[in-house]
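>>> What would the 3D arrangement of this be:
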Amino acid sequence: MFPPRRTVVGIYLAEFGLIRVMSRTVVSLPTAQNPPPQTSEGASDYRTNRILAVKRRLEENLSTPLGLAALAQSIGLNRHSLCREFKRETGLTISQYLQLQRVEAAERLLLSGKWSVTEAALEVGYNSLSAFSRTYLSLKGHCPCRAKLRGGQNLPLTGA
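I've put the predicted structure just below:
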């Protein structure tokens, strides 16, 4: 086998230590696409901060559907990486998290006693009352009308 090829430019740069200087310069300029190298704990913090930013955007835009590609691009990841990182950090997929946040927000509206089930469903981004009720039931274990009937009173949601 032949030894690895070395270009004249590479040898010249290596002789004067320019390769090392150039690599330090690249590492010292972090971007969303190229985060700074960190220890495993620091890398975890960086990932956590990105996921917190995604969660914040989702919570701010409950009623408006966000594109996954735009959401991923805003934190410097592709769609697949965002989904994988989000699942790793939260234990939920993005759609599961969004459903949970919408149901929690709707429950707060219903418990205030000022919103009907339909109004609460529309307010949090559901276009179908049946889809909202089905999701609410699966996540909370009771239908949204029970929260509406409770309407700000300190009655338990369990029982008859």
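>>> Now the element after the lowest-mean-pLDDT helix or strand in the chain, going C-ward?
Least confident helix or strand, the chain: helix 18-27 with a mean of 36, by mean pLDDT, DSSP states H and E. Per DSSP states H and E, the first helix or strand lying C-terminal to helix 18-27 is helix 40-60.
>>> Extract the CA atoms of that next one and return them as CSV.
Listed next in CSV are the C-alpha coordinates belonging to helix 40-60 (Å, rounded to 0.1, in the frame of the first residue of the first chain):
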residue,chain,number,x,y,z
SER,A,40,-20.6,15.8,28.4
GLU,A,41,-22.4,17.8,31.1
GLY,A,42,-22.1,21.0,29.2
ALA,A,43,-23.3,19.3,26.0
SER,A,44,-26.3,18.1,27.9
ASP,A,45,-27.0,21.7,29.0
TYR,A,46,-26.7,22.9,25.4
ARG,A,47,-29.2,20.3,24.3
THR,A,48,-31.5,21.0,27.2
ASN,A,49,-31.5,24.8,26.3
ARG,A,50,-32.4,24.0,22.7
ILE,A,51,-35.3,21.8,23.8
LEU,A,52,-36.5,24.4,26.2
ALA,A,53,-36.5,26.9,23.4
VAL,A,54,-38.7,24.5,21.3
LYS,A,55,-41.0,23.9,24.2
ARG,A,56,-41.4,27.7,24.8
ARG,A,57,-42.3,28.2,21.1
LEU,A,58,-44.8,25.4,21.1
GLU,A,59,-46.5,26.8,24.3
GLU,A,60,-46.6,30.3,22.8
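>>> And it, what does it pack against?
On a contact count with 3 or more C-beta pairs under 8 Å, 6 or more residues apart in numbering; DSSP states H and E, helix 40-60 meets helix 68-74, helix 79-90, helix 94-112. The way it works is simple: take the backbone N, C-alpha and C, and place the C-beta from them, glycine included.
>>> go again using 7 Å as the cut-off
Helices and strands touching helix 40-60, by 3 or more C-beta pairs under 7 Å, 6 or more residues apart in numbering; DSSP states H and E, are helix 79-90, helix 94-112.
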